[in-house]
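Novice: give me coordinates for this.
(3 chains)
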Amino acid sequence: MKVQLQVLDCDYKMLRGKPLIRVYGKTEKGEPVCVFYDRFLPYFYAQVPDEKKDDFVREIKEKFGASIEEVERYLPIGYGPKVKVMKITGKDPGNVPEMKELTYRYGTPYEADILFRYRFMADFGIKGMGWIEADGDLERTDTVSCKALIADTIKPIENPKNIPLKYMALDIETIPDGDRVPEAGKDEIIMISMVFKPEWNGHDKTVILAKLHKSPDKDVMGTPSEMEMLKKFADIVADYDPDIITGYNINAFDMPFITERMKTYGLLPQLGRCEKPVLIKKMQNSMLVSITGRIVADTYDVIKRDPWMKFKRYDLRTVAKELLKSEKLDIGGIAEIKAHWRAGGEKLDKLIEYCVRDSELAMKLVKEKNLLDKFYELAKVSGLLLQDAFGGQSQRHENKLLYAFKQRDIIMACKPEGDEMKRRDIERKKVGLKGAVVLEPAVGLHTGGSVLVLDFASLYPSIIRSFNICPTTYVRGETTASFHTSPNNARFVDKSVREGVLPAVVTELVETRAAVKRQMKTATEPEVIRQLNAKQLALKDMANSLYGYTGYIRSRLYVMDVAGAITSYGRENITKTKELVENNFNVKVLYGDTDSIFMKTDIADLDRAQQKGEEISAYVTERLPGLKFAFEKIFKTFLILSKKRYAGWKFEKSGDTWKDKLEMKGIETVRRDWCELTTESMSEVLRIILKEQDSKKAIAYTRDVVKGLSEGKVPLEKLTVVKGVTRGLSAYKGMQPHVELAKKLMARDPTRSSMVGERLGYVIVKGNALLSMRAEDPAYVKENGLEIDPQYYVENQLLPPLERIFDALGVSRIEVLEGVRQKNLAEMFGGKKSAPPELTTLNGWDGITCRKCGWSAAVPPLAGVCPKCGDQIFFSKGGELGKFVKAA
DNA sequence: CCGACGCGGGG
DNA sequence: GTGTACGCGTCGG
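Specialist: Numbering: from 1, shown residues only, chains lettered A, B, ... in the order given. So this is what the prediction gives:
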């Protein structure tokens, strides 16, 4: 029988001494199917000097029962003819690493570190999320949970469709004792929530608890123990049979935790579509979770890595609020989970709701924000399995190039190991890899006329294509073929001699993208347009990052000359362009970076300025073959502080109206350690400078803010900086304001068991203590009439970013602050530092002391406890102790 | 301008 | 599982 399916996953297992490939996928009808294939063996290539061949062949045959065939292939690096290499076929993929090491002792292995499943997929032309047709017989098996077919033939087929998948989002709650992050070795899971799309047996969600619980809610289910809950969880996963498992930070937390808890009870964590248990791999920092037959998609991972999604913090609270306008449920801090769990009743209901909400948010992120679309397409473009498409760029290029090399009879190099990595490190330190050129900026504010910005559309891909740059066209030594020399003095054969693989791949990516964009214009269904857009983005990603792979130190195709050639052409190009425009047009180049040039014209009219831009674009493009220098945007006013830092009043045409916007690069107005006052002042100063072109007004505005600060007129909310307490307080080494505040809060309220997980807002109050010690809770400041420290806010929050701006305008700090009332200035910068107000009222007592360690001081510390030992402190008078100083 | 730490998310 | 794979910000030199 024949079956067609979209490929979700692929693995292999050894069966009766032979590897059995298993391709997991879904049919058009949405039925999960696994295709077996048992006639494929692991192989790789070896190049061994003639005099060592006999020994090598004998040893590898003896040790591994390998069979050897001599074949002709091109080598991956350097232009040259095919050479004779040995194709070594083994019996077990597990032996290949050892065979590779053996080969290194005699010569050079190739393709000896390609994962077996990718070896198979590349040879059969199968791609992740692509479609295949298999012909074979139904197979009775208990190793996979879905229908299985033992295939005679497997081949890729064309089908642009994406099968609707089944999604399950999950979230667990645990209750560690004390101030710790939960540890699977010690702490129990108390509940697991799951959200289903589409629904499971009439449930769109379900929550299971690690204790018996009667609930009128059909979606809530108690179990006698954690172990029973975990069993139930595995049952639900098997019964629902999701394709995608998602959740927030499940790779680093929930999945490893569940897996380990199951193991402690002797339960095998089989959550996949075969007999293999969940595989958790911890790398230096992050975790890798593999569940065969399914895809684990961690929304946190996806969002954190997406360069387009920038947040102050990447916790679920922040991300959900920004992206979904939906919030996590508030249960009063993470430490409250235990109390809610123990209390039962309504409190437990609330905790259940809290747990469900987290799963719902993760599901919404995936489904409403279509977070996975691009990864489906990246899988199809690169050939990687969807699970692996979440990884880095390098794997995508590696796999894409493996396919391309194979089609051309070129063998792929292995990844660098110990010695080779050392060599590369040293080479890089010695020679260096020169990057792009950044033109010296004309620092300052540019007004009058306009600033045109033009840039080279996909510069590096264009260079790779135009100059046929590739490891396979790189000339080493003598050659009779015709070649050209790059600005960094590397030689590449002309395209007429041999087209490079990189140029061919880039061309395919760029042309496919153009075709997809054309399709988008005629498509009508939103669903289709979305998918096409994702595909277009994936193609763009791949095309633009291929250059990076050539210069990546762990690349299989790392040749400094090749990476250097691309950037050297880039540098030459932008320098040439600068000359071209300055010599032939009435413009002055103000700045340029890598592929863009900013030029000042005296044309104020937007339409005429654009016309000039188009003119320049055509002129340059005509003179630089293979590249397109495109008009991008106009700035009416442009402020440049330094390389990579500028702001401009941008105008872009949409339809036939001009839309304006303030654009900022490298000048952040939002940063997590800045208070709102700073953010707001930055934006306003930039707005005044760029839109009103009135630096006097900007200075006056700044003075007003400073004045407001010194007079205590700025609301505390605008001065508050929020930071999260992420670990136990004793785990912090250095001094951080929010941590010190947390310590104070704990001291003030002994009922608090932990601050971990809390987000603390703080302001800095007046005083002599170290900065961090002067962080205070805004509410406490209000209640007790404390004063904020205006000097801190002016010197540390407000002025540093503003000074950089005024600097570029040639305005000094003195000028900015001039005219702020003399009294305030003296108070703030003049020297004498005022003590907290209540200290002046210590009538009758002459100091403060700690009875326990003897610490003493003239003024009480804000913490209200001894800064040395944390014990209670007392008023003192002539050696006798007074009463306990209660800070509140 | 560097190299080495260190941290993120989760309960 | 034929794997070794961050990336940015801060701090001290």
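
Novice: contacts only, for the residue in the stretch 301-450 of chain A that DNA strand C sits nearest to.
Specialist: Residue nearest to DNA strand C within the stretch 301-450 of chain A (CB to the nearest atom of the strand): residue A:415, separated by 4.2 Å. Backbone N, C-alpha and C define where each C-beta goes, glycine included. Counting by CB atoms under 8 Å, 6 or more residues apart in numbering, residue A:415 makes contact with A:113, A:554, A:556.

Novice: rerun at 6 Å
Specialist: A:113, A:556 (CB atoms under 6 Å, 6 or more residues apart in numbering).

Novice: relative to residue A:111, how far out is it?
Specialist: 11 Å (CB to CB, to the nearest Å).

Novice: can you check the pLDDT for the residue in the stretch 251-400 of chain A positioned nearest to DNA strand C?
Specialist: With CB to the nearest atom of the strand, the shortest gap between the stretch 251-400 of chain A and DNA strand C falls at residue A:285, namely 3.2 Å. The confidence metric pLDDT takes the value 74 at residue A:285.

Novice: list the contacts for it?
Specialist: Per CB under 6 Å, 6+ apart, neighbours of residue A:285: none.

Novice: next up, the contacts around the residue lying closest to residue A:32 once chain neighbours are set aside.
Specialist: Nearest non-adjacent residue to residue A:32, counting by CB to CB, 6 or more residues apart in numbering: residue A:146, 4.0 Å away. Residues near residue A:146 by CB under 6 Å, 6+ apart: A:32-34, A:273.

Novice: in strands, which of those residues appear?
Specialist: Using DSSP state E, the members of the contacts of residue A:146 that fall within strands are A:32-34.

Novice: how many neighbours does residue A:683 have?
Specialist: When neighbours are defined as other CB atoms under 10 Å, residue A:683 has 14 of them.

Novice: next one: residue A:559
Specialist: When neighbours are counted by other CB under 10 Å, residue A:559 registers 19.

Novice: next helix or strand past the one helix or strand residue A:70 maps to?
Specialist: For residue A:70, the host element (DSSP states H and E) is strand A:67-73. Per DSSP H and E, the first helix or strand lying C-terminal to strand A:67-73 is strand A:83-89.

Novice: in its sheet, what does that next one sit against?
Specialist: Applying DSSP bridges, strand A:83-89 is found paired with strand A:43-47 (antiparallel), strand A:67-73 (antiparallel).

Novice: which residues touch the first one?
Specialist: Taking CB under 6 Å, 6+ apart as the criterion, the residues outside strand A:43-47 that touch it are A:85-89, A:103, A:107-112, A:411.

Novice: mind listing what's buried in the next helix or strand after it?
Specialist: Per DSSP H and E, strand A:43-47 leads on to helix A:50-64 as the next helix or strand towards the C-terminus. Residues A:53, A:56-57, A:59-60, A:64 are the ones in helix A:50-64 that count as buried (16 or more other CB atoms under 10 Å).

Novice: want to try JSON lines for those residues, with pLDDT as columns?
Specialist: Formatted as JSON lines, these follow (pLDDT from 0 to 100):
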{"residue": "A:53", "pLDDT": "96"}
{"residue": "A:56", "pLDDT": "97"}
{"residue": "A:57", "pLDDT": "96"}
{"residue": "A:59", "pLDDT": "96"}
{"residue": "A:60", "pLDDT": "96"}
{"residue": "A:64", "pLDDT": "95"}
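
Novice: including distance to residue A:97, could these go into CSV?
Specialist: Below are these laid out as CSV (distance: CB to CB, whole Å):
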residue, distance to residue A:97
A:53, 22
A:56, 17
A:57, 19
A:59, 16
A:60, 13
A:64, 11
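
Novice: near DNA strand B, which of these show up?
Specialist: With the criterion set as CB under 7 Å from any atom of the strand, no member of the buried residues of helix A:50-64 is near DNA strand B.

Novice: and the nearest residue to residue A:73 once chain neighbours are set aside, what is it in contact with?
Specialist: Nearest non-adjacent residue to residue A:73, counting by CB to CB, 6+ apart: residue A:411, 4.7 Å away. Applying CB under 6 Å, 6+ apart, we find residue A:411 in contact with A:45, A:73, A:110-111.

Novice: returning to that earlier point: winner for burial among the strands paired with strand A:83-89?
Specialist: By mean neighbour count, with neighbours taken as mean count of other CB atoms under 10 Å, strand A:43-47 ranks first of these at a mean of 22.

Novice: tell me what angle it forms with helix A:50-64.
Specialist: Computed by axes from the mean of the first three to the mean of the last three CA atoms, to 10 degrees, the angle separating strand A:43-47 from helix A:50-64 equals 150 degrees.

Novice: from DNA strand B, how far out is residue A:649?
Specialist: Per CB to the nearest atom of the strand, to the nearest Å, residue A:649 is found 28 Å from DNA strand B.

Novice: got it, and residue A:295?
Specialist: If you go by CB to the nearest atom of the strand, the gap between residue A:295 and DNA strand B works out to 20 Å.

Novice: what's the local residue count around that residue?
Specialist: 26.
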